[in-house]
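Novice: next comes the sequence, and after it the predicted model I'd like to discuss.
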Amino acid sequence: MEFDLLRAHYDRGVRCSHPLEFGVVEASRLCYTLLGYIRGESGTGALSKLLKTTQYEIGVDAGRELRKPHELRHPSVDFDWFEKRVAKYERKIAQDREYGLAFRGQADVQHYIELNLDLLRKSPVRFQHDDYHPDNLIVREGRLEGIIDFNRCDWGDPVEDFYKVPWFTTTVSIPFARGQVEGYLADRPLERFWDRYNFDRPQSPRQPGLRARRRHGLVAEEAG
């Protein structure tokens with residue numbers, strides 16, 4: 001599935017690795033994927049060596065490039081992302097209660113989410129890279145060369161691909177982060193982008209207590 005999606009992106013002109021081969025080694029019960037190599041350095045290492053204006057320009061390019069994979073729609077008309085997302089939110093709330101986890105203002109945040117669920121229902125369902133930040137972007141000679149690491153991909157509101165900006169992008173380069181948002185929204189801004197970001201973002205708290213329990217095997221990690 002991941003290989004086929006990557007091939008669909010590559011064929012549509014997304015700057016990603018060239019998917020060359022997928023196979024299975026029956027004797028070892030292993031599978032493999034062979035991808036073309038993108039020359040350059042991760043954005044995490046490269047951006048700090050560049051002028052801030054160049055960092056911003058690469059961010060603009062990265063934002064525009066992200067629009068391309070987001071054009072891919074879910075192949076099944078029966079896929080109900082709204083129900084999936086609400087169920088995931090409810091599981092997280094239940095886990096918080098079970099382990100006594102809370103944060104300041106939690107009741108207000110939950111009230112806001114539950115009042116605005118209609119935003120979630122109206123959100124487009126598109127391909128998500130789900131790990132889009134400088135460490136998964138290749139930079140070469142001051143330019144964006146490509147996108148890597150599609151193995152966390154998912155489906156849902158494309159706005160969710162901006163959730164990691166405060167954690168993993170601004171810590172590397174604020175000019176790049178600003179450029180990524182402005183490049184993504186340029187020419188054809190998404191309807192109610194910030195409303196959807198501000199609504200969806202509280203549904204994915206870092207939950208440090210819960211993450212610590214997961215590290216120690218006390219809570220099962222969930223996919224999607």
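Specialist: Received it, and whenever you're ready, just let me know what you need. A quick note: this is a predicted structure, and the numbers were derived from the prediction, not measured.
Novice: and R7, helix, strand or coil?
Specialist: Look at R7: counting by DSSP: H, G, I helix; E, B strand; the rest coil, its state is helix.
Novice: so it makes contact with L20?
Specialist: No. With contact defined as Cβ atoms under 8 Å, R7 does not count as touching L20 (9.6 Å). The way it works is simple: take the backbone N, C-alpha and C, and place the C-beta from them, glycine included.
Novice: more neighbours, those two?
Specialist: R7 (15 against 11; other Cβ atoms under 10 Å).
Novice: ok, that one to R97 distance?
Specialist: Applying Cβ to Cβ, to the nearest Å, the value for R7 to R97 is 43 Å.
Novice: name the nearest residue to the most centrally placed residue in the chain, sequence neighbours excluded.
Specialist: When Cα atoms, centre = their mean is applied to the chain, the residue found nearest the centroid is D130 (2.4 Å). Excluding the flanking residues, the one nearest D130 by Cβ to Cβ, 6 or more residues apart in numbering is R152, at 4.3 Å.
Novice: just give me the neighbour total for that neighbour.
Specialist: 13.
Novice: V77 sits in which helix or strand?
Specialist: When elements are assigned from DSSP states H and E, V77 belongs to no helix and no strand.
Novice: and it, what is it in contact with?
Specialist: If a contact means Cβ atoms under 8 Å, 6 or more residues apart in numbering, then V77 has no contacts.
Novice: before we move on, back to that, hang on, the residue nearest to the centre of the chain in a strand?
Specialist: No. Remark: D130 does not belong to a strand; assigned using three-state DSSP, it is coil.
Novice: many thanks, I have nothing further to ask.
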